[in-house]
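Enquirer: Sequence below, structure please.
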Amino acid sequence: MSKDKSEDKFEFSPYQIIVIALLAITQFSVILDFMLISPLGDMLMKSMSLSTKQFGFAVSIYAFSAGASALLTAGFADRFVRKKILLFFYTGFILGTLACGLATSYPMLIAARLITGFFGGVIGSISMSIVVDLFPMYKRGRVMGFMMMGLGASQVLGIPISLYLANIWGWQSPFLMIAALAGIVWIVIFIKMHNVTENLKIKSDRNAFAHLWHTASKRKYRIGFLSTLFLSIGGFMMMPWGSAFAINNLRVKPEQLPYLFFVGGLSSLIVMPLIGNLSDKMDKFKLFVLASIWMILTVLVYTNLPPISFWIIMLMYALMMVGIMSRMTPSTALSSDLPEPQDRGAYMAINSSLQQIAGGVAANVGGLILVQKDNFSPIEHYDTVGYVIAIISLVNIFFVFRVSKLIKITNAN
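Expert: Numbers count the residues shown, from 1 in each chain. Here you go, the predicted model:
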């Protein structure tokens, strides 16, 4: 029996499946590179005798560098073939990650993270631009759900393997592994991905900086930027201290950490495709509100946990990750529908820049709020970070509502 045409239009072509897989693996490598700082945090702080402020700066320098890079490239993002600009920045990311693996001191680590952030921070916005160019809105939620699985996959596969390697060969070894993996992915993208040139078909008489200013100055775009800004702050504020909190406060053993991140990542892998599918079938804002409320409740519980059974800790961590990840797909899908085709690349680049800068500020603020008297004492005021995240998440709901309302008005016209 032949399929109904209305069902066919929701299916992906073989080439679209290849593109989704390549972009998802690319996101996996970039996310894993950044996410590694959290599980390796306790090891790094102890091996280099770093304070919470120093470690916070090591995290934020990546974000600040990525934000500056995204802003600098925003005006040029719509003037080059997407594939070529993706390969260029992915090359820099690979070299920066390799430098992280070769770092033997704190200054070398800072320099390497700066390079990695400068190139890696733009890759997400380039990938999003490719998705928006190739996939219509009614397919986009599922595509973004698969791409967001990069975070879950990094925890299920990448982080446990990385921690295993780090325990044997030192904290630098996981970065060498990522550089090798990314090198293979680069070759496959070069061979298999077609040139995405939809953006070049739309001519603009503005120069790159005028195009950047034009995009940044649009009122409806600014509302989208604010929604991204508040979406990013919460996760960055608590994420870097995850392993230090688990080990020093919850009394999780270092050899148990891979299981904690595995469970959190597995829950994300299971939930994200479901959320992506729901995002295409129901109101995205309503889905975002439900996910945000779930996240707020679980964050408040987790950041106030005392040393208890490891099974309960894993359960609460998994439930928290479900909330954190579930709100990203509908909000990202909504935000991606705001820009006009001729502004898409610049909008995504500015969006990525603000996301990274907000993360850098949040990591620094987290480093100022949190206190650790020595490398083996509990992290103090982690509960305060949870309360701040809850307030920020409530504000974020308001801005995502504004984005949703703007899109409905635009579609109605």
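
Enquirer: In CSV, list the C-alpha atoms belonging to stretch 370-389.
Expert: Output of stretch 370-389 as CSV, limited to C-alpha atoms (Å, rounded to 0.1, in the frame of the first residue of the first chain):
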residue,chain,number,x,y,z
LEU,A,370,30.4,29.6,45.3
VAL,A,371,33.2,29.1,47.9
GLN,A,372,35.5,26.2,48.5
LYS,A,373,37.9,26.6,51.4
ASP,A,374,40.3,24.0,50.0
ASN,A,375,40.3,21.5,47.2
PHE,A,376,38.8,18.8,49.4
SER,A,377,36.1,20.8,51.3
PRO,A,378,32.4,21.1,50.3
ILE,A,379,31.2,23.6,47.8
GLU,A,380,29.3,26.3,49.7
HIS,A,381,26.2,28.2,48.5
TYR,A,382,25.3,25.8,45.7
ASP,A,383,21.7,26.1,46.9
THR,A,384,21.9,29.9,46.3
VAL,A,385,22.9,29.2,42.6
GLY,A,386,19.7,27.0,42.4
TYR,A,387,17.5,29.9,43.6
VAL,A,388,19.1,32.3,41.1
ILE,A,389,18.5,29.8,38.3
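
Enquirer: Outside of that stretch itself, which residues are in contact with it?
Expert: 45-46, 49, 51-52, 233-234, 237-238, 241, 244-245, 248-249, 296, 299-300, 302-304, 366, 369 (C-beta atoms under 8 Å, 6 or more residues apart in numbering). C-beta: built from backbone N, CA, C; applies to glycine.

Enquirer: what's the helix or strand hosting G265 packed up against?
Expert: Per DSSP states H and E, G265 falls inside helix 257-281. Applying 3 or more C-beta pairs under 8 Å, 6 or more residues apart in numbering; DSSP states H and E, one finds that helix 257-281 contacts helix 137-153, helix 159-169, helix 242-248, helix 284-302, helix 310-326, helix 328-336.

Enquirer: Any of the contacts of stretch 370-389 buried? List them.
Expert: Among these, those buried by neighbour count (16 or more other C-beta atoms under 10 Å) are 45, 52, 233-234, 237-238, 241, 244-245, 248-249, 296, 299, 302-303, 366, 369.

Enquirer: coming back round to it: hey, which of the helices and strands packed on helix 257-281 is tucked in deepest?
Expert: helix 328-336 (a mean of 26; mean count of other C-beta atoms under 10 Å).

Enquirer: for the helix or strand that that helix is followed by, what is the average pLDDT?
Expert: Note on helix 328-336: by DSSP H and E, the next helix or strand toward the C-terminus is helix 344-369. In this model, helix 344-369 has a mean pLDDT of 77.

Enquirer: before we move on, what about stretch 144-151?
Expert: 68.

Enquirer: So what does V371 have for phi and psi?
Expert: Per-residue torsions, V371: phi -140, psi 140 (degrees, to the nearest 10).

Enquirer: How many neighbouring residues does it have?
Expert: A total of 15 residues lie near V371 under the criterion other C-beta atoms under 10 Å.

Enquirer: With A390 instead?
Expert: Residues contacting A390 under the criterion other C-beta under 10 Å number 17.

Enquirer: Okay, buried residues for the helix holding G265 please.
Expert: Neighbour counts over helix 257-281 (16+ other C-beta under 10 Å) mark 257-258, 260-269, 271-273, 275-276, 278-280 as buried.

Enquirer: For I391, see how far away T329 is.
Expert: 23 Å (C-beta to C-beta, to the nearest Å).

Enquirer: related to what we said a few turns ago, need the helices and strands packed on helix 257-281 in a markdown table with distance to M35, can you?
Expert: Compiled in a markdown table, the helices and strands packed on helix 257-281 are given as follows (distance: least, C-beta to C-beta, whole Å):
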| stretch | distance to M35 |
| --- | --- |
| helix 137-153 | 7 |
| helix 159-169 | 7 |
| helix 242-248 | 9 |
| helix 284-302 | 17 |
| helix 310-326 | 12 |
| helix 328-336 | 14 |
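
Enquirer: Which of those sits closest to W186?
Expert: Each of the helices and strands packed on helix 257-281 has some distance to W186 by C-beta to C-beta; the shortest is helix 137-153, at 16.2 Å.

Enquirer: G56 is nearest to which of the helices and strands packed on helix 257-281?
Expert: Each of the helices and strands packed on helix 257-281 has some distance to G56 by C-beta to C-beta; the shortest is helix 242-248, at 11.2 Å.

Enquirer: hey, C-alpha coordinates of that closest one in PDB?
Expert: Taking Å, rounded to 0.1, in the frame of the first residue of the first chain, the C-alpha atoms of helix 242-248 are listed here in PDB:
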ATOM      1  CA  GLY A 242      28.800  19.500  38.800                       C
ATOM      2  CA  SER A 243      31.600  17.100  39.600                       C
ATOM      3  CA  ALA A 244      33.000  19.100  42.400                       C
ATOM      4  CA  PHE A 245      29.600  19.400  44.100                       C
ATOM      5  CA  ALA A 246      28.900  15.700  43.600                       C
ATOM      6  CA  ILE A 247      32.200  14.600  45.000                       C
ATOM      7  CA  ASN A 248      32.700  17.100  47.800                       C
END
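
Enquirer: any idea of the mean pLDDT in that helix?
Expert: 86.

Enquirer: So what touches it?
Expert: The contact list for helix 242-248 (C-beta under 8 Å, 6+ apart) reads 38-43, 45, 252-254, 257, 260, 313, 372, 376-379, 382.
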